[in-house]
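**Q** sequence? don't have it. structure:
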Ligand SMILES: [Zn+2]
């Protein structure tokens, strides 16, 4: 077959230093949720995350973390958000899915270790994640 209809698999690549920053930010916020904006690039379904932004006017508590998205400048490098679940669940809540922003939603569960982080799409399907 000459032309193969290639379907791009989604995947997330996270830089190790960004992962470390996320984990220490979430540890600092515990027992409240922490929330950060993910910066990066998306190409052919591959989302490369290489930076973080602390959202303006963020409000967090033990079971919620949010910020008014309308305050965000339009920026193509904002690929999603990451927030923590001090409860220890890695699954996105209904509220999380309603507040989906960008291409990927990452959740870090307590105790915020290297393998406590998960990536989800807007339909609550998990996206394979690799650390580089
Ligand atoms: Zn959540």
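**A** Structure received. What you see is a predicted model; the values in this text were computed from it and never measured.

**Q** I figured residue 62 hits residue 32, correct?
**A** Yes: judged on CB atoms under 8 Å, residue 62 makes contact with residue 32 at a distance of 5.7 Å. For glycine as for every other residue, the C-beta is placed from the backbone atoms N, C-alpha and C.

**Q** who touches both of those two?
**A** Any residue near both residue 62 and residue 32 by CB atoms under 8 Å, 6 or more residues apart in numbering counts here, and that gives residue 86.

**Q** of those two, which one has the most company?
**A** Set side by side, residue 62 and residue 32 show more neighbours around residue 32, with 17 against 11, by other CB atoms under 10 Å.

**Q** neighbours of residue 43, how many?
**A** 8.

**Q** dump the residue contacts of it.
**A** Under the criterion of CB under 8 Å, 6+ apart, residue 43 has no neighbours.

**Q** so the closest residue to the ion within the chain, which of the three states?
**A** Nearest residue of the chain to the ion: residue 96, at 4.1 Å (CB to the ion). Classification of residue 96 by DSSP: H, G, I helix; E, B strand; the rest coil places it in helix.
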